[in-house]
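Visitor: Pasting a predicted model and its sequence here:
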Protein chains: 2
Amino acid sequence: MKSNHQEDLTRYVAVFIEEMVANGVKKVVISPGSRSTPFALLLAEHPEIQVFINVDERSAAFFALGIAKAENQPVAMLCTSGTASANYYPAIIEAKYSRVPLVVLTADRPHELREVGAPQAIDQIQMYGRHVKWSIDMPLPESSSSILSFAKSTASRGIGISRESPAGPVHFNFPFREPLVPNLSNAYSQPPLGNVLVTGGERILSKQQSEIFRKKMAEKEKGLIICGPQLDRDSIDAILSFSELYNFPILADPLSGIRSGAHRKTTVVDSYDSFLRTEVVKNSLVPDVVIRFGAMPVSKALSLYLKHFHNLDYWVIDEGGQWLDPIGKATEMIHCSTLSFCESLTNGSCPSVESKWLNKWLSINEQTKRCIIDSKCTDMSEGEAVRSLIDWLPDSSTLFVSNSMPIRDVDTYFLNTNKQINVLANRGANGIDGVVSTALGVSTSKAPTFLLIGDLAFFHDMNGLLAGKMHNLNVKIIVLNNNGGGIFSYLPQAKEDKHFESLFGTPMDLEFSSLSALYHADYYKAIEMDEFSTAFKKSCRHSGVSIIEVVTNRGKNTEQHRKLWNLVSREIEKEFR
Amino acid sequence: MKSNHQEDLTRYVAVFIEEMVANGVKKVVISPGSRSTPFALLLAEHPEIQVFINVDERSAAFFALGIAKAENQPVAMLCTSGTASANYYPAIIEAKYSRVPLVVLTADRPHELREVGAPQAIDQIQMYGRHVKWSIDMPLPESSSSILSFAKSTASRGIGISRESPAGPVHFNFPFREPLVPNLSNAYSQPPLGNVLVTGGERILSKQQSEIFRKKMAEKEKGLIICGPQLDRDSIDAILSFSELYNFPILADPLSGIRSGAHRKTTVVDSYDSFLRTEVVKNSLVPDVVIRFGAMPVSKALSLYLKHFHNLDYWVIDEGGQWLDPIGKATEMIHCSTLSFCESLTNGSCPSVESKWLNKWLSINEQTKRCIIDSKCTDMSEGEAVRSLIDWLPDSSTLFVSNSMPIRDVDTYFLNTNKQINVLANRGANGIDGVVSTALGVSTSKAPTFLLIGDLAFFHDMNGLLAGKMHNLNVKIIVLNNNGGGIFSYLPQAKEDKHFESLFGTPMDLEFSSLSALYHADYYKAIEMDEFSTAFKKSCRHSGVSIIEVVTNRGKNTEQHRKLWNLVSREIEKEFR
């Protein structure tokens, strides 16, 4: 049989796409380009695939990350050859460290056009280095049964790798020769090849291993449980039972999902970031074991508290594949699922413990929360804006939080609540890039999504807003505009008067109001708290992209934070006198 | 002597910076961040270094590329740890393929905070893969004489590598421990360590090698010289003499620098992209040797013309290190400088040649140019806009041209001129990313710079505009707004009605006028040619960033191009009848 370029191309790509769909990849973010035409057209043609167009590949990749993060499902992205693919790099790195499954599809020139000075041809083989879990340079399109079978199993294999714990990005590089247009008329009418499905089992402790930890637990009286970001939300109940059985307080990061929802929170400590800065707490509350689930929390105060102990017994429970111990204090690195660990240790008999330890933590927590609540005022500041926003958020909503100051403010003001608020952030690499697009990606399945972001991060990914317009997404963006890099005011650099504003403060003096016209977005400016309140209410009345610019002041923010920490310190010190 | 962290840090970084300066790196583009503080402050403090702040690292890297491209000198860029560094990737790749020397400085966490889940810590070792010429993970700051000496020689070494032909990017990764603030009071007051300077010699042909090519040339009567982008401008006179001696026409790409300037152009063919599409030309003008200097030209018609010959004798002269033969036709790959090649071959006796060959090329060229000139009309179209812009450009100005359609239109309409116009573009990887920033970088030393760009490319790097505002740059941006991807209308994809507009056309419907307020830029909209003319004149009256949005229509542009090509074909065919 004579080989037919267009039929070979069509069948090969269609088989790959059918396998993607069978393996649960049903959303794809496409950036326009020529070399990627076979995939773009066949993806658009597949009845079960939802396509999102996103012109700027950097934003596109973060947008895909957002969808995958919200749905906990692998999402694909497609771009053309050349530097387009390099724009994916920041989101790929974030996905790796925050364990989000992503399927990266890059179109490439065929072998005879590589490294010979051809236009839009760069060396794409392994171009993401160690930042993808797996990368493959695919063969040229063929429709021999061996190559179709290879295309099929390679799709399953790659998607399987991306899902497997720790989840992350995988990269398929596809060389295509011209002509690039597939035959759409019969693309999906061929008899199906059958699929390969991949099931990744869960790591659990063996009976012997569980027994060892049960014995160790029997000796512990003053335990602390830490729940960080990337926590498996299905394990929350088991963690609560574990905590209640042993009378160990849970220090829960705002991204752990524990501070919010209908579940009981009697052992959940939510204001530790404010009180662990106090010297007397460090010296008086000495744990004999610390058990951490999820990644390291946002709180710097918590890190410093833990680092300060010389002989800390510190257990990190994690499914493995990465080594999540930034403070270098782990004594037990336990590679299994959180759920299985908690269940193993609550299955046996309960050790005799006193609850004075737990009560002390809870009482300090209450006292700190009173200080936080009492410090409320009506003057505009970033803290007040964040506190109010959290108050106003409707039940069952999603709050996406930018890095740098917003996540720290949320750590302070997002306290235990029965409202179900899904708090998300990019805490893999903690960048300020791609935040707008990630939130927009989240909003495709969690609408409305509220985004809390500073002006620098907002500026960094303004291009992301185009997708909001093109796909009619429902996102309320609260931009804390302190005209520059607010976080630097908290660092020693702030004393370098001569170069501070030019190198760190970097005021941009941007007129964000004009974004309203550029992107046909709904825009509000709030200088006073009541303006913020009115704008928030108005923005919620209709669907679409709303931008609420909250004007704040860097100096005042720093001052307010320092004031709160001092107040908490004074109150807590009294407790220990 | 007790080691002092701040003094060690200061001395180590200062020595590196002094060596950078001694080796000619005097401009640095800095993106704000914390981990990079030692470098940022010490760079700002150095009296001979000019610092440009650029918040978005993707734009920052292209901005640095633009400065380096305009000045033909290595330029440094500095960013903090984490995904910030990944945003540099597209510009680094472009620099590699367009041979622009760049010095990439990334700040990193110290070893104990790598791959342990620490915030803003990613695996930065060799993170740009094969897309940098050299990459090194530097030691932690020390002020021992061996480490200072190492820091010094490593700076020279890396900058030397970046300059050496083919020039390109190098990467220094610097781990820093807190505290990060150096001591500025005596940073540069220490006795200098002395410098290592690197001189890279030029590749020339030996006497024996020259003799071989002289002999081969003696047999050639119908030679063609092709001058592409990345041509060494200092070799233009030698190429002209070579061409005149042998009576070989020069097919000069708009980026070769040959079409423009006071030099003689009697053998320079500038309209080949329009006439090489004609079948009869391909069949009648059969060269017995083709000699190419610089990279492959933009013209697809030229590529197809060359590919069409079965036994082409095709010499590529290049300093080596890359293999620039996208059409796979090279018979001689000659690794030496263009200047030395031309001088070697014009030094000997002149072969006896007839000039009928040259005259035929020149006469077809003249006829084609008449068609191009006669096709001028007053209706707005991209072709007319480009043609007029080129007319209006003042002598000694710089025109930066975006990829995709603008560079192709410039190829058609930028014909031989005595005006000195420096035409530049990013033709390494031909991306539409980072174009605004590259042009702004160019404008730091070549003001005013005129940028010709389509709406998609303009959108892709709108963030680049911030630098224009922050550094008071003088750039006139002509945005050809056909509301989407114009180039796709020329490709077979255009027939896929069902998905064409959503996947390829991608209309963005952006209100670019609002950028005027966002960035305090001067903005004009031109729908008719006279509006364009008025806007152009007005924008030139003052310094600063001006945006002239020229509204065009994708369908009409395609039609106009096809009409011109048909007209040329008809006229040329008469010539051969």
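Guide: Received it, and whenever you're ready, just let me know what you need.
Visitor: Let me see the contact set for the closest residue to chain B within the stretch 351-500 of chain A.
Guide: As assessed by C-beta to the nearest C-beta, chain B sits closest to A:Gly431 within the stretch 351-500 of chain A, at 3.6 Å. All C-beta spots, glycine's among them, are computed from the backbone N, C-alpha and C. Contacts of A:Gly431 were listed using C-beta atoms under 8 Å, 6 or more residues apart in numbering or on different chains, and they are A:90, A:94, A:403, B:82-84, B:120.
Visitor: Scan chain A for its longest helix.
Guide: helix A:554-576 (DSSP state H).
Visitor: Give me the mean pLDDT for that helix.
Guide: Across helix A:554-576, the average pLDDT comes to 90.
Visitor: by contact count, what packs against that helix?
Guide: Packed against helix A:554-576 by the contact rule (3 or more C-beta pairs under 8 Å, 6 or more residues apart in numbering or on different chains; DSSP states H and E) you find helix A:272-275, helix A:279-284, helix A:356-374, helix A:382-392, helix A:405-413.
Visitor: got the phi/psi numbers for A:Gln322?
Guide: phi -130, psi 170 (degrees, to the nearest 10).
Visitor: surely it meets B:Ala121?
Guide: No: using C-beta atoms under 8 Å, A:Gln322 makes no contact with B:Ala121, being 11.8 Å away.
Visitor: Show me which of those two is the more surrounded one.
Guide: The neighbour comparison of A:Gln322 against B:Ala121 (other C-beta atoms under 10 Å in any protein chain shown) goes to B:Ala121, with 21 against 17.
Visitor: what's the neighbour count on the residue nearest to that one when sequence neighbours are not counted?
Guide: Ranked by C-beta to C-beta, 6 or more residues apart in numbering or on different chains and with sequence neighbours excluded, the top spatial neighbour of B:Ala121 is B:Arg109, at 4.3 Å. By the measure other C-beta under 10 Å, the count of residues near B:Arg109 is 23.
Visitor: Now for B:Arg109: which residues touch it?
Guide: B:Arg109 neighbours (C-beta under 8 Å, 6+ apart): B:35, B:81, B:118, B:120-121, B:175-176.
Visitor: Now A:Tyr524: which helix or strand?
Guide: strand A:522-526 (DSSP states H and E).
Visitor: would you say the residue of the stretch 351-500 of chain A closest to chain B is within a strand?
Guide: No: read with DSSP: H, G, I helix; E, B strand; the rest coil, A:Gly431 is coil and lies in no strand.
Visitor: distance of it from B:Glu57?
Guide: 10 Å (C-beta to C-beta, to the nearest Å).
Visitor: Pull up the overlap in contacts between these two.
Guide: Contact with both A:Gly431 and B:Glu57 is made by residues B:Ala84, according to C-beta under 8 Å, 6+ apart.
Visitor: Can you list the low-confidence ranges for chain A?
Guide: Across chain A, the ranges flagged by pLDDT under 70 are A:1-2, A:348-354.
Visitor: ok, which residues in the stretch 251-400 of chain A are in contact with chain B?
Guide: Residues of the stretch 251-400 of chain A found near chain B (C-beta under 8 Å from any C-beta of the partner chain) are A:295-296, A:322-326, A:328.
Visitor: Alpha carbons of stretch A:379-389, as PDB, please.
Guide: What follows is stretch A:379-389, C-alpha atoms only, in PDB (Å, rounded to 0.1, in the frame of the first residue of the first chain):
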ATOM      1  CA  ASP A 379      -8.300  52.700  57.800                       C
ATOM      2  CA  MET A 380      -7.200  51.200  54.500                       C
ATOM      3  CA  SER A 381      -4.100  49.000  54.600                       C
ATOM      4  CA  GLU A 382      -3.200  45.700  53.000                       C
ATOM      5  CA  GLY A 383      -3.900  43.800  56.200                       C
ATOM      6  CA  GLU A 384      -7.400  45.400  56.500                       C
ATOM      7  CA  ALA A 385      -8.100  44.800  52.800                       C
ATOM      8  CA  VAL A 386      -7.200  41.100  53.200                       C
ATOM      9  CA  ARG A 387      -9.100  40.700  56.400                       C
ATOM     10  CA  SER A 388     -12.200  42.200  54.800                       C
ATOM     11  CA  LEU A 389     -11.900  40.200  51.600                       C
END
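Visitor: Do I have it right that A:Ser513 meets A:Asp522?
Guide: No: counting by C-beta under 8 Å, A:Ser513 stays clear of A:Asp522, with 11.5 Å between them.
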